[in-house]
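Q: Next comes the sequence, and after it the predicted model I'd like to discuss.
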Amino acid sequence: MSGYLFRLSKRGTSSKQKLWTILSDMCLKFYNTYNHHKLLARLWLSTNRCTVELISTNSLLYGECSTRLADVEHDQQRQHYRVLPNHIIKISVNTKDYYFQAENVYLLKR
């Protein structure tokens, strides 16, 4: 499976990085775009201490304001994106938490 995911900052800021993500062999692999071949990072999901959960839109990342990031904005040089604060996925591996966001419900269900 593959598609774009936003990697979210866990400090509550609105910074995001849009990455092409491939799930294969219990590993998430991250690339800049679908046609880049240089691997940026990988996240192994095959450990015993791995959990994946969908978290609510009004949780720790955005507080109570779920509409303040309504418009999609793209800064060509820094690759920053802003989308609605929905569809957030929390992946916990060992003691680290990673937050990702899909662009819409369809992509989240894939």
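A: Cool, got the structure. Only a predicted model underlies this, so the values are computations on that prediction, with no experimental measurement involved.

Q: Give me the buried positions along the longest strand seen in the chain.
A: Longest among the strand segments of the chain by residue count, using DSSP state E, is strand 16-24. Of the residues in strand 16-24, those buried by neighbour count under the rule 16 or more other C-beta atoms under 10 Å are Lys16, Gln17, Lys18, Leu19, Trp20, Thr21, Ile22. Where you see a C-beta, it was placed from the backbone N, CA and C, and this is true even at glycine.

Q: and which of these is nearest to Cys50?
A: Thr21 (15.9 Å; C-beta to C-beta).

Q: list the contacts for the closest one?
A: Applying C-beta atoms under 8 Å, 6 or more residues apart in numbering to Thr21 gives the contacts Ser2, Gly3, Tyr4, Leu5, Leu28, Lys29, Phe30, Tyr31, Phe100.

Q: Narrow these to those in strands?
A: Reading strands off those with DSSP E, I get Ser2, Gly3, Tyr4, Leu5, Leu28, Lys29, Phe30, Tyr31, Phe100.

Q: Next up, the contacts around the fourth one.
A: Contact analysis of Leu5 by C-beta under 8 Å, 6+ apart lists Lys18, Leu19, Thr21, Ile89, Phe100, Gln101, Ala102.

Q: hmm, which two among those residues are most spread apart?
A: Greatest spacing in these, by C-beta to C-beta: Lys18 and Ile89 (14.5 Å).

Q: Give me the pLDDT for the closest residue to Lys38 other than its chain neighbours.
A: Nearest residue to Lys38, sequence neighbours excluded (C-beta to C-beta, 6 or more residues apart in numbering): Tyr31, at 7.1 Å. Looking at Tyr31, its pLDDT reads 92.

Q: Then Cys65?
A: The pLDDT attached to Cys65 in the predicted structure is 30.

Q: Relative to Ala41, which of the contacts of Thr21 is nearest.
A: After measuring the contacts of Thr21 against Ala41 - C-beta to C-beta - the closest member comes out as Phe30, at 4.7 Å.

Q: Spit out the contact partners of the closest one.
A: Phe30 makes contact with Arg7, Leu19, Trp20, Thr21, Leu39, Leu40, Ala41, Arg42, Leu43 under the criterion C-beta under 8 Å, 6+ apart.
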